[in-house]
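# The sequence isn't on hand, but the structure is:
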């Protein structure tokens, strides 16, 4: 594949723009004069905070050295065969092989550029999501992984996940991925129910799920996740139970059970806006959620996040990075990053994405520098998604304040309402708080 | 300064949508006050609110220069009038500055109730009325029928009514000629001591308070020392000018002319609308009659969502009151809502407009309680109390009886809706007075109605039942005793004083059901069941429950979602902040107006 060569030496005489020189210094943890960068941060407008925090703006957990120890790398493949009726991810159906190849070349370039600027160190986790990554030929995925390896490196025992649509999998492809070091497969199963699958606009049916799963096991994948969705239009509690049982019968290592979110702008969102989407309703959705929790727990899957269940030791380490609110780099169109106290998102538009890279520029669309208050809020509402909760000592280490002080009023209310509890040094949602998590999260923003 | 015989002061009377603003634009364009390129549609309606609602609230005055058929150049001062029934007071302000009025009537719709009321006002002021039948370009235009309606209802000779289309420009020249020929020139001794009537005032942050006025006698020029007769405050005039419609400096303004002056007046209170400006050296003996004070007919509570905005709210109300003398307010304390103001308005539209201006122009976030009329409460000890707030109603044991205000309502409608309107009026405790055929197709109905019924949902119902074809005007007629009771609303078993209403005993069950049903829809579910009850004394007459929220969780939250998720949560939190916590229940602003919304039943 011409031009798709990823050795860092490929770009020796690249010109560096003024903005990027700055990024490079920041990436190395240096200021304009090359001195070590103080990780100072604008402090949020919360008055209680400014009093407490102005003494200690330097924080652990965001320094370059720590990033090097645990890079979480996300690569986005924005292609699929057809958009599902509920999907609001950035994904473009019906692109030609040439367009997809060109995108991979651009993504390869972004990997090299990002690695050069951020010097993030070897990856502890790599996650290739989409869209439908398995729509790409195995060779393209191999090239992308090779690019990540040569530019950043990969830690021994790194978790490398690829998302796969059961309708697009081939035996040879899976074997190639396994040889390229992919050791975790996430299958977008959604339901073991052909009628529901059709209603959702999925391209696959039940037989394809079994076939894909079988091929994955044969290719040697010993860590497989099945994505399932409940609360679908027309879905009954019995339908959902049947899907759960069928999933359990396959004995995957990991199951994600998502409640359907109807998003604006999707076909289902438009139907819902016209009150023409027969949704199960809150009580039934809640019953489905509790049914999933009970059945999966009984089968030995530990719930470790609001929607995620795993056999012990098989929790998704990449997603844990998000929930623990630790830094990650997301590359590819529309991918989001959280790095050195800033969040940004890449251009969603493929042309703009490609054009930026053709000029050797990071294809970033929006950059937001978080205030300390925002960062704490995110740490709270992401961390509370984990059943283990937030380690209050870790929070104190990171922000130099105790969450119990800074959110004293909020926590008192939430504890009184029985939505959260503090146990063994951790703040977590209670059984009652779990399905009402948003009511809890909103207290911290 | 222009010679009096070449000045014409006029206004335009028209129903909403009958084309007043478009005609005004046409006149401006024709006389070259604005080139076509400069024209912004409907120049006279400058407040955003006015353009959005298609109504005129504040007065505007524009000077046009017109060369008439006789070869002479005339100064035409167009003073805008509001068309809505609530603003009768403002109408009389503009009428007092004119000698003539264009009566604009839609050629397809005919004369409407509010137009009629304004025409009567104009006749009281001895204005020359020039009927203009507008929109003759419409396919369903019936100018002859409308001509007969004008003759029948107003008793005007409509033979020389002008047929016009403000849209196409047809008739514009004829309108201008008629103004010159038929509207009398202003009179008033230009050598007498200055007497100028303030009909509006604005505040300009650079030049201070600026009164708009009509000079009735004498003259005023830059450098003059003037005195405001009500306050006695004196100022030196820095500038006099006219609106063309852009403000333009003139040397002086004399009897018959309309314009503004700037005199570094720091306080808007000094330029009180209705006051007379005179000269400090040679003052007039008597001020001009000014305007009759109007009594507010509708009261409601205005409370800041954020208690810290109380002072801002008071400042804003004071500012609005300066050129809206009809607005009344005094401090009010509510158990549920804290500190706020009890405010009096001319009507519901007036109330909505004041509320919207407070929110938009002054950045306030407000809770408005249900509007109430003023009740006359006769106590057992024969004492009489005027009560404009349900919570101020004395204990029932102290009340001999309660009287409520009645209005005489005039409804004009195509005749096919007469049955539906009669049914509506009967349901609203109305007494039939009279019915009159305006033409073979249209009818004027007269009813006695309790004002409280009109402010409830009468307008909405009238519109629905007549597909928008009927128009309404009303006039206060006095007080009559009625079987009235106070209905309380309990949320989570606590009486929320701000939701109490006074209602007719027979209608209480229906209104109670309606109200709690609306509340159930408007109050978001919370973490516990919330009982909602309507009660008269200790008797519960309606009940609903808002079930506890059981599930609110976003299933997915991946890396890319974090910012979006945070913003979503921030928005949710912002929404919560805009709610008022009463006891343990968060109640949104709209809920306090729920009493006004008719139920779906």
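That came in fine, so what should we check first? All values derive from a computational prediction rather than experimental measurement.
# Residue B:223 is in contact with residue B:279, correct?
No: Residue B:279 lies out of contact with residue B:223 (C-beta atoms under 8 Å); the separation is 11.6 Å. The C-beta positions use only the backbone N, C-alpha and C, and glycine is treated the same way.
# quick one, which of these two is more surrounded?
residue B:279 (20 against 11; other C-beta atoms under 10 Å in any protein chain shown).
# so who does the nearest residue to that one once chain neighbours are set aside touch?
Nearest non-adjacent residue to residue B:279, counting by C-beta to C-beta, 6 or more residues apart in numbering or on different chains: residue B:194, 4.4 Å away. By C-beta atoms under 8 Å, 6 or more residues apart in numbering or on different chains, residue B:194 lies in contact with B:215, B:217, B:218, B:219, B:220, B:224, B:226, B:277, B:278, B:279, B:282, B:284.
# quick one: residue B:194 and residue A:407, what's the gap?
For residue B:194, the distance to residue A:407 equals 68 Å [C-beta to C-beta, to the nearest Å].
# what's the answer for residue A:225, then?
As judged by C-beta to C-beta, residue A:225 and residue A:407 stand 33 Å apart.
# if you count what's nearby, which of those two comes out ahead?
Between residue A:225 and residue A:407, counted using other C-beta under 10 Å, residue A:225 has the larger neighbour count: 25 against 20.
# Can you name the residues of chain B sitting close to chain A?
By C-beta under 8 Å from any C-beta of the partner chain, the residues of chain B that approach chain A are B:527, B:549-563, B:565-566, B:569-570, B:572-573, B:576.
# try it again with 10 Å
Selection of chain B residues close to chain A by C-beta under 10 Å from any C-beta of the partner chain yields B:525-528, B:547-576, B:584.
# picking up where we left off before, any shared contact partners between residue B:279 and residue B:223?
Listed contacts common to residue B:279 and residue B:223 are residue B:237; contacts here mean C-beta atoms under 10 Å, 6 or more residues apart in numbering or on different chains.
# re earlier: which of the contacts of residue B:194 count as buried?
In these, burial by neighbour count holds for B:215, B:217, B:218, B:219, B:220, B:224, B:226, B:277, B:278, B:279, B:284, counting by 16 or more other C-beta atoms under 10 Å in any protein chain shown.
# give me every residue that touches the third one.
The neighbours of residue B:218, taking C-beta under 10 Å, 6+ apart as the test, are B:188-196, B:224, B:253-255, B:277-279, B:282, B:284.
# and residue B:378, that's in a strand?
Yes: the assignment for residue B:378 is a strand, going by DSSP: H, G, I helix; E, B strand; the rest coil.
# Touching, it and residue B:484? I think so.
No: in this structure, residue B:378 is not within contact of residue B:484 by C-beta atoms under 10 Å, at 11.7 Å.
# Of the two, which one has the most company?
Taking other C-beta under 10 Å, residue B:378 and residue B:484 do not tie; residue B:484 has more neighbours (22 against 16).
# For the more buried one, which non-adjacent residue is spatially closest?
Distance criterion C-beta to C-beta, 6+ apart; nearest residue to residue B:484, sequence neighbours excluded, is residue B:402 at 4.4 Å.
# Hmm, the one you found is touching residue B:482, no?
Yes: counting by C-beta under 10 Å, residue B:402 does reach residue B:482; the two are 6.8 Å apart.
# list the residues that contact both of the two?
With C-beta under 10 Å, 6+ apart, residue B:402 and residue B:482 have common neighbours B:375, B:502.
# neighbour count winner among these two?
residue B:402 (22 against 18).
# pLDDT value on that one, please?
Note on residue B:402: pLDDT of 96.
# Pretty sure it sits in a strand.
Yes: assessed by three-state DSSP, residue B:402 belongs to a strand.
# is it in a bridge, and if so with what?
Beta-bridge partners recorded for residue B:402 (DSSP bridges): residue B:377, residue B:482.
# What spatial separation is found between it and chain A?
44 Å (C-beta to the nearest C-beta, to the nearest Å).
# Now do the same contact list for that residue.
Shown in contact with residue B:402 (C-beta under 10 Å, 6+ apart): B:375-378, B:385, B:387, B:393-394, B:396, B:479, B:481-486, B:502.
# if we can go back for a sec, so what sits against both of residue B:378 and residue B:484?
B:399, B:401, B:402, B:403.
# Restrict the residues you listed to the buried ones and give me that as a ChimeraX selection.
Here is the ChimeraX command that picks out the buried ones among these, judged by 16+ other C-beta under 10 Å:
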select /B:399,402,403
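# can you pull out the helices in the stretch 1-150 of chain A?
A:18-27, A:47-53, A:64-69, A:97-118, A:138-151 (DSSP state H, counting those that start in this stretch).
# For these, which has the smallest mean pLDDT value?
Sorting these by mean pLDDT places helix A:47-53 lowest, at a mean of 38.
# Which part of the stretch 401-550 of chain B gets nearest to chain A, residue-wise?
The nearest approach of the stretch 401-550 of chain B to chain A comes at residue B:550, 5.3 Å away (C-beta to the nearest C-beta).
# per-residue confidence at residue B:323?
Reported pLDDT for residue B:323: 67.
# and what of the one 3 residues further on?
On the pLDDT scale, residue B:326 is placed at 76.
# secondary structure class for it?
coil.
# That one against residue B:296, yeah?
Yes: Residue B:326 lies in contact with residue B:296 (C-beta under 10 Å); the separation is 6.4 Å.
# So which of those two has more stuff around it?
It is residue B:326, of residue B:326 and residue B:296, that has more neighbours when counted by other C-beta under 10 Å, with 22 against 19.
# distance of residue B:16 from residue B:115?
Taking C-beta to C-beta, one finds residue B:16 at 9 Å from residue B:115.
# So which elements touch the host helix or strand of residue B:342?
For residue B:342, the host element (DSSP states H and E) is strand B:338-345. With contacts defined as 3 or more C-beta pairs under 10 Å, 6 or more residues apart in numbering or on different chains; DSSP states H and E, strand B:338-345 has these neighbours: strand B:298-304, helix B:310-322, strand B:328-334, helix B:348-362, strand B:366-368.
# Could you tell me the end-to-end distance of stretch A:193-209?
This stretch, stretch A:193-209, spans 11 Å end to end (C-alpha to C-alpha, to the nearest Å).
# to the chain's geometric centre, what's the distance from it?
24 Å (C-alpha atoms, centre = their mean, to the nearest Å).
# How about the secondary structure of residue B:97?
Classified using three-state DSSP, residue B:97 is coil.
# what sits against the spatially closest residue to it that is not a sequence neighbour?
Leaving out its chain neighbours, the residue that sits closest to residue B:97 by C-beta to C-beta, 6+ apart is residue B:214, at 3.9 Å. With contact set as C-beta under 10 Å, 6+ apart, residue B:214 has these partners: B:9, B:61, B:77, B:79, B:94, B:96-98, B:186, B:188, B:195-199, B:253, B:255-259, B:288.
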